[in-house]
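In: coordinates for the following, if possible.
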Amino acid sequence: MTDPNHISIPKGGKIYFASDNHLGAPTNEDSLPREKKFVTWLDDVKKDAAAIFLLGDLFDFWFEYKTVVPKGFTRTLGKLAEISDAGIPIYYFVGNHDLWMANYFNKELNIPVFHRPQEFTLNNKTFFIGHGDGLGPGDKGYKRMKKVFTNPFFKWLFRWLHPDIGVRIAQYLSVKNKLISGEEDAQFLGEDNEWLALYSKKKLAEKHRDYFVFGHRHLPLEIQLNKTSKYINLGDWITHYTYGVFDGETFELKTY
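Out: Next up is the predicted model:
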């Protein structure tokens, strides 16, 4: 049986990684230039992409009612559909701003959605991939909040709000996030204070992986964990416009 988490990269092919677009923040109009830039990037990478990994927070808010999804982002959704229809696999990992994503991407775009980190083998390299929220030590307030927001009863209650009300409230709360509103810049805290680097070291002690790739921090980072393993943070498409490229042998962070 073929392992769905094993991807062989053809000669000249590459695997691309991006995270944290937060489309819709602070408003749809303000994020439109960023969305257009991201769509242009997707158009460029589809030429040699063996696969594309999107590591969450593509939207600043996303909630799927039974028959309704948030308005907007037509350019992005259309381009993802085009790439998926062309046979290029896309993998989506939910973030803390779109953790209420369900099966819309899978049904409409044929894009599998993951709610937890996953291990992939890309050629002969092992990758541990996820958004990164709530992992590692600390961040206890968010971890408690996430338990509430992912509780099925809470989601059921939220669905009873009319979408015009529910989406408006959620968008307001999302934009109040300091990192997105611009009140606070992402700062490198030092390797010993980077929760995702510490989490990666803990997972590495359990099992070897060549690369740990996350988003969430909005800060492009490369930290060597040992001689053969590295932690990568992809940055964002708000300030840095950074993305990852793996050619089958080496991983690079690049700026678009």
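
In: which residue ranges form the strands in the stretch 51-200 of the chain?
Out: Under the criterion DSSP state E, counting those that start in this stretch, the stretch 51-200 of the chain contains strands at 90-93, 113-114, 118-122, 125-129.

In: out of everything not next to it in sequence, what's closest to L54?
Out: Sequence neighbours aside, Y92 is the residue nearest to L54 in space, at 5.0 Å (criterion: Cβ to Cβ, 6 or more residues apart in numbering). Quick note: C-beta positions are derived from backbone N, CA and C, even for glycine.

In: from K203, how far out is the closest residue to T126 other than its chain neighbours?
Out: Take T126 and drop its neighbours on the chain: the residue closest to it by Cβ to Cβ, 6+ apart is R209, 4.6 Å away. R209 sits 7 Å away from K203, taking Cβ to Cβ, to the nearest Å as the criterion.

In: can you check T74 too?
Out: Distance, T74 to K203, using Cβ to Cβ: 38 Å.

In: looking at these two, which has the bigger crowd around it?
Out: Neighbours around T74 and K203, counted as other Cβ atoms under 10 Å, are more numerous at K203. The numbers are 20 against 9.

In: enumerate every residue touching that one.
Out: By Cβ atoms under 8 Å, 6 or more residues apart in numbering, K203 lies in contact with F128, R209, F212.

In: one more time with 6 Å, if that's ok
Out: By Cβ atoms under 6 Å, 6 or more residues apart in numbering, the contact list for K203 is empty.

In: now do the buried residues in the host helix or strand of it.
Out: K203 belongs to helix 195-206 when assigned by DSSP states H and E. Using 16 or more other Cβ atoms under 10 Å as the test for burial, helix 195-206 gives W195, L196, A197, L198, Y199, S200, K201, K203, L204.

In: follow-up on the earlier one: export the strands of the stretch 51-200 of the chain to a markdown table and tack on mean neighbour count, mean pLDDT and distance to S229?
Out: Listed next are the strands of the stretch 51-200 of the chain as a markdown table, based on neighbours: other Cβ atoms under 10 Å; pLDDT from 0 to 100; distance: least, Cβ to Cβ, whole Å:
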| stretch | mean neighbour count | mean pLDDT | distance to S229 |
| --- | --- | --- | --- |
| strand 90-93 | 22 | 98 | 20 |
| strand 113-114 | 17 | 96 | 21 |
| strand 118-122 | 17 | 97 | 13 |
| strand 125-129 | 20 | 98 | 9 |
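
In: can you list the ones you listed in a markdown table and add distance to E252?
Out: Converted to a markdown table, the strands of the stretch 51-200 of the chain look like this (distance: least, Cβ to Cβ, whole Å):
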| stretch | distance to E252 |
| --- | --- |
| strand 90-93 | 19 |
| strand 113-114 | 23 |
| strand 118-122 | 14 |
| strand 125-129 | 13 |
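
In: nothing else from me, thank you.
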